[in-house]
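Undergrad: okay, predicted coordinates and the sequence, questions at the end:
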Amino acid sequence: MLTLPHRRALPAARAAGAACAVPAARTDLAARAAGAACAVPAARANMAAAAAMAACVAAAALGAAGCPATKAAVDDPGDVVAGGTGGSGAADAAAARAFETGVKAFDAGRYDEALVSFREAEKSTPDDPQVLLNVALCEVALGHADKAAPPLERAVAKKPEFFEGWNELGAVYLDLDKPAEARAALEKALALKPGDTSARFNLGMAYRRGGDLTGAERELFAVLAANPTDVDAHLELGLVKAKAGDGAGAVKLFEKAVALAPKNAEARYLLAGAKKAGGDVDGAAASYRAAYAADPKMRDAYTALADLYAGKDRWADAAAALADAVKAFPADGAVRASYGNALRKAGDNAGAVEAYKKALELDPRDVIADRGLALVSVALGKCDEAHTRFDAAVEKYRADADAHAALEKARDVIDGCGKAAPTAAGPKAPAAAPHGSGKSSAPAHGPAGGKGAAPTKKPK
């Protein structure tokens, strides 16, 4: 049986203000980028088991009538179907050889090579559902969900009773953030195999993504009734509870997932997010640490921990979390710049300068590092240097609107550097505005280096 390894990649961004951080939605076929408010367990596409590939190809190459693939669902994720290219003759023998080459390449993780071979087989058998499924699996493995949908749509149109095609199509639609289409495909899959927990799990996810939390609970509880130790079902149901506002219920489900799989980094990460949402800072911090201890390459666990501490003005703790991130990702300039921010806010200006300079070595156009160096100069009272650094950065990023906007957040602090504070003999301060007038006597910006001077609350 040939399978695609279960990958759990993290996204580049998370939803602002979400109760839980957002790792990628997954399938057992490939990492699935998600735009949901919380992290998303794997959409599981349970592909067909098949007869031995060698026997099938040998029969086809000899001009046999072809090798029908079995339809039985299996527990192993992401099976490449070893079947199809039925028929006879030289063209079919060539297609069978291309198919065999594709399966071997896929099994070895060479998905681009596998795709070429399956496309070659498709030329001779353009309507073979198994070939089309394998083409789609390769596209998914290569991160091309948009290219995976058309061959799957053709496969189920050609063979409406193709359970595996409907289930994978539903997973791909989830990947494309099309919950309504996913729901329709997965309902057809379950009509063909009502007892399949993989399709039912995927349907539960589609319901949640579409906002039907009652439907999501129904499907996921059915999965757990069939398999009480299903970790992904506990995680997905926890997300449903979190979205419904039941924070305690979410924590309970995530804790159960951790108990079932103590080394599951995602479970610990989600538990941390739920505890953070509930105000349990220390519990959340412990869970974030446990997450990156379980998976040292879970970048978001480090940055989420730093964000947690930054939100409480615990900048030394935030810097410690990012120091761990620097060790795990020594070549990541953004992590270095964030580390510099935390050190600067913690009062370690020398350490911040070192971190910012290293960030710029790794990425010469890291605007956060350039801005940070100017702000360190302000903190040290080196106003001429601060203005020089800031003006150079403005010129450097003049054509980059986003970078320019990031710089502008520090302009008031930079411009205020070197201006003398009013003395006792200076102008009299205006009287406080009457209560309820809508005006305030408070200054528009805080002192250099204080809260008002910080370009952002969260280290960048």
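TA: Structure's in. What do you need?
Undergrad: tell me what whichever helix in the chain runs longest is packed against?
TA: Across the chain, the longest stretch assigned as helix under DSSP state H is helix 90-107. Packed against helix 90-107 by the contact rule (3 or more Cβ pairs under 8 Å, 6 or more residues apart in numbering; DSSP states H and E) you find helix 53-61, helix 111-124, helix 129-141. C-betas here are computed from N, CA, C, even on glycine.
Undergrad: and these as JSON lines, adding mean neighbour count, distance to Pro194 and mean pLDDT?
TA: As requested, the helices and strands packed on helix 90-107 are arranged in JSON lines below (neighbours: other Cβ atoms under 10 Å; distance: least, Cβ to Cβ, whole Å; pLDDT from 0 to 100):
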{"stretch": "helix 53-61", "mean neighbour count": "18", "distance to Pro194": "29", "mean pLDDT": "32"}
{"stretch": "helix 111-124", "mean neighbour count": "20", "distance to Pro194": "31", "mean pLDDT": "93"}
{"stretch": "helix 129-141", "mean neighbour count": "28", "distance to Pro194": "21", "mean pLDDT": "94"}
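Undergrad: and the gap between Tyr173 and Asn134?
TA: 19 Å (Cβ to Cβ, to the nearest Å).
Undergrad: if you could redo that for Ala294, that was the one I meant.
TA: On the measure of Cβ to Cβ, Ala294 and Asn134 end up 33 Å apart.
Undergrad: one more: Ala405?
TA: Counting by Cβ to Cβ - Ala405 and Asn134 are separated by 46 Å.
Undergrad: what of Val281?
TA: Distance from Val281 to Asn134, by Cβ to Cβ: 48 Å.
Undergrad: and the contacts of the helix or strand hosting Gly351?
TA: Applying DSSP states H and E as the criterion places Gly351 in helix 349-362. Here helix 349-362 makes contact (Cβ atoms under 8 Å, 6 or more residues apart in numbering) with 319, 326, 331-334, 336-337, 339-341, 343-344, 366, 368-370, 372-373, 376, 379-380.
Undergrad: least trustworthy helix or strand in this protein by mean pLDDT?
TA: When each helix and strand of the chain is scored by mean pLDDT, DSSP states H and E, strand 31-32 comes last, with a mean of 26.
Undergrad: extract the residue ranges of the stretch 51-200 of the chain that are flagged as low pLDDT.
TA: 51-91 (pLDDT under 70).
Undergrad: what do you get if the cut-off is 90, keeping everything else the same?
TA: 51-97, 124-125, 127 (pLDDT under 90).
Undergrad: which of the three states applies to Gly109?
TA: Secondary structure for Gly109, judged by DSSP: H, G, I helix; E, B strand; the rest coil, is coil.
Undergrad: that one: neighbour count?
TA: 11 (other Cβ atoms under 10 Å).
Undergrad: got it, and Asp127?
TA: The burial count for Asp127: 12, using other Cβ under 10 Å.
Undergrad: brilliant, that's me finished.
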